[in-house]
Structure formats: C-alpha cells, structure tokens
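Student: dropping the sequence and predicted coords here.
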Amino acid sequence: MTQKYRITLLTCLLLASTVLTGCDQFDKQVAKIKQRAVDKTSGQTMLQPLAIWPPSSAGQYLVGRVAIGHDDLETANAAFGRAIESAPSRETVDYLIEHALPVSIGNGDDDTALQLSHEVSDVKASASGQFAVLMLLREDFNKGNWEQAKKNSANLRGDGFGQYIQPLVNVWILAGQDKIAESLGALEKASHAYPSFRSLFALHRALILDMSGQDLQAEKAYQQLLANHFSLRNGLAAADFFTRQHNKAAVADIAKQIQAKTGLPFDTDKLEASFSRKSAVANAAQGYATILFDLATVLQQENSSRLALLYARVAQPALEDQPMMNVLLGDIFMDMKDFTQARDLYKKIGQDNLFYSVSQLRLADSYALEGDMTAALNILAPLESNPMLKRQVLTQMGDLLRTDKQFDKAIPYYTQVIDSLDKQTKSDWALFYARGICHESTGQWTLAEADLRQALKLNPEQPEVLNYLGYSWADQGKDLNKAFDYIAQAHQQAPEEPYIIDSMGWVLYRMGYFKEAVPYLEESVQFLPADAVINDHLGDAYWQVGREQEARFQWERALKNSEGQKDDMIKGIKDKIANGLKKRTPQSKPLPKIKDMAQSDAIPDFFPPQFRQNAPVETP
C-alpha cells in the first residue's frame, strides 16, 4: 500500500471515529433528554444541565429537536443557541432562528427571544416571523415607541389570528398616544369588519374607557359587555371596575352569575383584595398584553396548549401580577405534563386571592395525574369546609379516586353530593353516571343500572351513558335489542369515538351478526391498537367468520396488552389461543329496527355501506 493511500485510509478512519463518537454522545444525550422527560412527569428532581460534546451546528440542532419532542424547552433552548453560535453560514443561521425563536419564547427566555426577533430576516414569511413581530411590538409598547410600533404592526399578516391581533394592536397604539377618540373609532370599525371577534372587541372598548378615566362611559360599556357577551373573563373585568367604583351590589350580582354559569366558586369578599390596581388595564402595554392573553386562553381551551404558551409568554411580563396569568400558564403546563412548573405557578396564588380555590383544585389534579393520590386528597380535604366549594371538592375527590380505580372509596363522595341536591337538574347526569361506573366496577350491577338509568332520565342524549348502559347489557347478554338501540344512538352522536365503535361491533357480535360486527371492531382497533378488550372482541369476531389465524393474532395481542385486566379475562384469552371458540350459527334475521334515530326511510350513515341495505329503520 502506498504512503498516499495509507494517509487517505488513516484520514477516513479518523473521520469515522469522530462520527461514531459523535453518534455515541448524541445517543447518550438523547437518553438523558428522555430521562428528563420521565423525571418531569414523575415529579422527581430534574437532571443537571447535560454535558455536551464540542458544539456542532447540526448535532445541536438535532438535540434541540429531540428535546422539543419531549417538551424539554430548557434543553432545546440551550441546544439551539449553541447551534446558532457554530452555524457555518448566514443561511444556516436564518434557518436555525426559525426553530429557535418559538423555543426561547416558550422557555421564558425573553432576552434571547428579543435578540432573535431582531435578527429574523423576513418576518412575514413564517409563523416564527410573526412571533418576532409580537416580541418587537412588546418592546415598542414598553418604550412608548409608537412610530416603530406602527411599522411593526404593518408586518402582522391579515390572515389567521392576525385578523384579531392587528386591529387591536393599532387600537392600543392610538390609546398609548392618548388618542382615545381615534382609538375607539378604530375599534368600532374593526368590530364591524370582523363580527366573529365582536365580543373581544367589546371587552377592549370597556378597558380603554376604564384606563382613560371615563368612568360613566366605562360603566355603560361594562354593563353592555355583561348583557351581550357574559363570560368568566368579561365578568371578572367588570367586577374589577365595579369594585373600584365601590358598587358592591353590581359585584355581588356578577359573582352570582359567574357561579351559576361556570360552577366556579368566587367569594365576593375577596374581590377587592384581588383587584387592587388603579384600573383593569393600567396602560397601553398591558392592553397589548391583554390581546395575547385572551388569545392564549382561547387556544388553551381548544387544546392547543403549545401555541397558547407562546402567546401567553409574550403577554406574561406585563401581566405578571395578575393571578389569571398564573392560572393560565399553570393549565398550559398541566396539559404539557410539566407538573413541576404548573405547581410553581399555582402556588404563587395566595389564600386571600380570588383564584386561590381554583388554584388549589388544579394543584390537587397535578398530584393526582402523577399518581400521588394522598397528596391530592390532602390538598382537597381542607377545602371541603367551604360551603361554596363543598360540592365541587367532593365531586373531584370522587373523580380522582374513580380515575385511580379506587371505586369503592369513590362511591361515598358521589353519594354525599347526590344526597345534598335539593332538585336534580339536567347537568347532574354526570354524578349518577360516575357513581354508576363505580357501582358496576365493584360488582353492584343493580345499583349501577339504577344510576345509569337516572343519568339517562336527566339527560337522554348523552352518548357516554347510552353506550355504557348498552354495552353493559350486551356484555351480559341481556336486553340485546335495547342494547343495540342505545349503542346505535350513541354511535350516531359520536361516530368517531373508538369505544362506542367497539360497542357497536360487540353488540352485533352478541346478537349473532358476526360478519356485520367485523368492520366496526376493525375500525375500533385502528384507533386503539393496544386495547386488550378490543383486541379480544375482534379475535372473537374473526373466529366466527372463519378467519382463525387472524383471530389468534388478535388474542395474542390482547394477552400482550392485558396488564391490569381481570384474571378471568386473561385465563379466557389463553384458553381461546389454545383451543379456539365454539362455532355459533350466524343470525339470519335482518338487523333490528332503530328507534328515535331517523326522520325518513333513508338508512343512517353510521352503518357501514355494505350493510345499509339490510338495516330497516323505524320512522315516526
């Protein structure tokens, strides 16, 4: 071998060694990120910052992406920072900033987020660029730099959330310059241009009048807001105003409405302590933050917690002293299963605050979701003595125990609440449904059936109750026609709910319609491939239609996924794998009629197309 080739080979070996070492360290780092994710959800102490091999832009980018996948924003933020520092070109930097900016915002690293926002080359080109604009606008509002704010506002796109954000930003820019009349005029135009946001615009009208000291007009605006667009958010803003106006009657009326419409217990005596600022929004910077706070609240309620986090973080500094901000961020972190951060936020809310009870209920949930039922119940127990909270606390205790499968312990809590009802209403169906589940799970079917029937009497169209009652009958092999009718009604209301789809297949199987059952059970397995009960059901149906090899495959999957199932079920699956099932004669009669479902002779869509011609429907 020549010297030339020796050198080339040596170089290749060194390069390979470097790559393999890097891969090995990357694997180790990924393993640590995963461990951090486990620690985060289990409540253990987070690991110390990870040891990183010499920075490589591509390597750090990959670390950041893996960390994002585990909602480890701290690690991702640091990794992207190192990736940018070692980036080989401006083009690479621009690409990395697109990924790094949302992470720095979500992580609460305001300094890095603002620095990156100034470096975004095209703010209109991407979602990250739009968040750069929001960060720059926050800086403009804080500094009172209104000319620059106008320029940055022009960079907000007019589509998506921009339809809501941009008009309000321009309104608050005018308000920040004390151009109140112009601000209100612009708000009125926006309200007509975007009617779907009218309730939010109405809130900002009241806030601007309140901030500018126009108390009579502000009072009228708040009254109109409550009359036309009552919500918890609007109610609290109005209560803030009326507290400062010493209008106790108005505050008490708002508290009653909040409790009646949301079920949340608010003590009117704590309102004055909770609303201690000069106005609900003291300046334009807080007005701007309110735009993003309200959007974050809506997104969180719509299960878009990661996006909600970004808007909430931009708003956070200006609203740091508002308990609602801590509740919102706590709820977002709960959704992301970062219970440590959620608890830190809930614990910031003191006992004299309006949101203390709410924060304690959330705090109990955070421990329960980690499996620490003792801690959760210890938090709830002292709240039981509050008459305004008693029903909610007892119900939550029952719910926590039921979720933890401590069904026998949950029953007395539900019973206390049910016994305390002066009059049962439609909304009380959930209490009977929950207690019915507990009774059924403890082998008390007579009591369970009575509870489920009462739940259905209070609210006849609840698909959960229809399905639970119908499935229970089907599983017991009793009242199969009625079970089919109940489950069919549930399926029509919730056609994509996998457990209801399974129930449709199972009741058809129990009635002898094996061929008709298979498509439902196959669809349900697609939704929940690791559910032992559904795997078992599909196996049974496959066996009866002659697909015996597939049946054993499903039973084996059921056995594999049978952790937590009853011993008799596991024993039955093992027996079926070994010996199969006794063949049954398929049902030759047409499918039963479905009551109270169709308004014509057309076959309802919830039947698979290949079976609709066999499904007669009873019409009124």
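Tutor: Thanks, I have the structure now. On a predicted model such as this, the values are computed, not experimentally measured, just so you know.
Student: so which residues make contact with the helix or strand harbouring residue 416?
Tutor: Taking DSSP states H and E as the definition, residue 416 sits inside helix 407-419. With contact meaning Cβ atoms under 8 Å, 6 or more residues apart in numbering, helix 407-419 is reached by 391, 394-395, 397-399, 401-402, 428, 431-432, 434-435, 437-439, 441-442. For the C-beta atoms, the positions are set from N, CA and C on the backbone; glycine is no exception.
Student: what's the following helix or strand after that helix?
Tutor: Following helix 407-419 in sequence, per DSSP H and E, is helix 429-441.
Student: what helices or strands is that next one leaning on?
Tutor: helix 390-403, helix 407-419, helix 445-458, helix 463-476 (3 or more Cβ pairs under 8 Å, 6 or more residues apart in numbering; DSSP states H and E).
Student: which stretch in those has the least confidence?
Tutor: Among those, helix 390-403 carries the lowest mean pLDDT, at a mean of 92.
Student: what's in contact with that one?
Tutor: By Cβ under 8 Å, 6+ apart, helix 390-403 touches 263, 265, 361, 364-365, 368, 373, 376-377, 380, 383-384, 386, 407, 409-411, 413-414, 416-417, 420, 431, 434-435, 437-438.
Student: quick one, what contacts residue 106?
Tutor: 73, 306, 309-310, 313.
Student: so which of the residues you listed sit within strands?
Tutor: Applying DSSP state E to the contacts of residue 106, no entry is found in strands.
Student: neighbours of residue 350, how many?
Tutor: Neighbours of residue 350 under the rule other Cβ atoms under 10 Å: 12.
Student: whoops, I mixed them up, residue 416
Tutor: 16.
Student: and the helices in the stretch 501-620 of the chain?
Tutor: Along the stretch 501-620 of the chain, counting by DSSP state H, counting those that start in this stretch, helices occupy 514-527, 532-544, 548-560, 567-579.
Student: turn these into CSV, columns for distance to residue 201 and mean pLDDT.
Tutor: CSV is the format used below for these (distance: least, Cβ to Cβ, whole Å; pLDDT from 0 to 100):
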stretch, distance to residue 201, mean pLDDT
helix 514-527, 40, 96
helix 532-544, 48, 97
helix 548-560, 54, 96
helix 567-579, 57, 95
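Student: can you add mean neighbour count and give the ones you listed back as CSV?
Tutor: Conversion of the helices of the stretch 501-620 of the chain to CSV gives the following (neighbours: other Cβ atoms under 10 Å):
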stretch, mean neighbour count
helix 514-527, 21
helix 532-544, 25
helix 548-560, 19
helix 567-579, 13
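Student: how about the ones you listed in JSON lines, adding distance to residue 339?
Tutor: What follows is the helices of the stretch 501-620 of the chain, written out as JSON lines (distance: least, Cβ to Cβ, whole Å):
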{"stretch": "helix 514-527", "distance to residue 339": "27"}
{"stretch": "helix 532-544", "distance to residue 339": "28"}
{"stretch": "helix 548-560", "distance to residue 339": "30"}
{"stretch": "helix 567-579", "distance to residue 339": "33"}
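Student: before we move on, the earlier item: list buried residues within the contacts of helix 407-419.
Tutor: Buried members of the contacts of helix 407-419, counted by 16 or more other Cβ atoms under 10 Å: 391, 394-395, 397-399, 401-402, 428, 431-432, 434-435, 437-439, 441.
Student: for residue 86, what are phi and psi?
Tutor: When quoted as degrees, to the nearest 10, the phi and psi of residue 86 stand at phi -100, psi 10.
Student: what number of residues lie near it?
Tutor: So residue 86, with other Cβ under 10 Å, has 17 neighbours.
Student: hang on, the earlier thing: residue 242: which of the helices of the stretch 501-620 of the chain is closest?
Tutor: helix 514-527 (49.1 Å; Cβ to Cβ).
Student: helix or strand next in line after the lowest-mean-pLDDT helix or strand in the chain, which one?
Tutor: In the chain, the helix or strand scored least confidently by mean pLDDT, DSSP states H and E is helix 3-42, which has a mean of 41. Using DSSP H and E, the helix or strand that follows helix 3-42 in sequence is helix 57-69.
Student: what mean pLDDT does that next one get?
Tutor: 88.
Student: element containing residue 349, please.
Tutor: Following DSSP H and E, one finds residue 349 outside all helices and strands.
Student: so who does it touch?
Tutor: By Cβ under 8 Å, 6+ apart, residue 349 lies in contact with 323, 326-327, 355-356, 359.
Student: go again with 7 Å.
Tutor: Taking Cβ atoms under 7 Å, 6 or more residues apart in numbering as the criterion, residue 349 is in contact with 323, 326, 355-356, 359.
Student: give me the nearest residue to it, chain neighbours excluded.
Tutor: residue 359 (4.2 Å; Cβ to Cβ, 6 or more residues apart in numbering).
Student: from residue 433, how far off is the one you found?
Tutor: According to Cβ to Cβ, to the nearest Å, residue 359 and residue 433 sit 28 Å apart.
Student: kindly report the same for residue 63.
Tutor: Taking Cβ to Cβ, one finds residue 63 at 46 Å from residue 433.
Student: show me which of those two is the more surrounded one.
Tutor: Neighbour comparison, residue 63 and residue 433: the larger count goes to residue 63, with 28 against 22 (by other Cβ under 10 Å).
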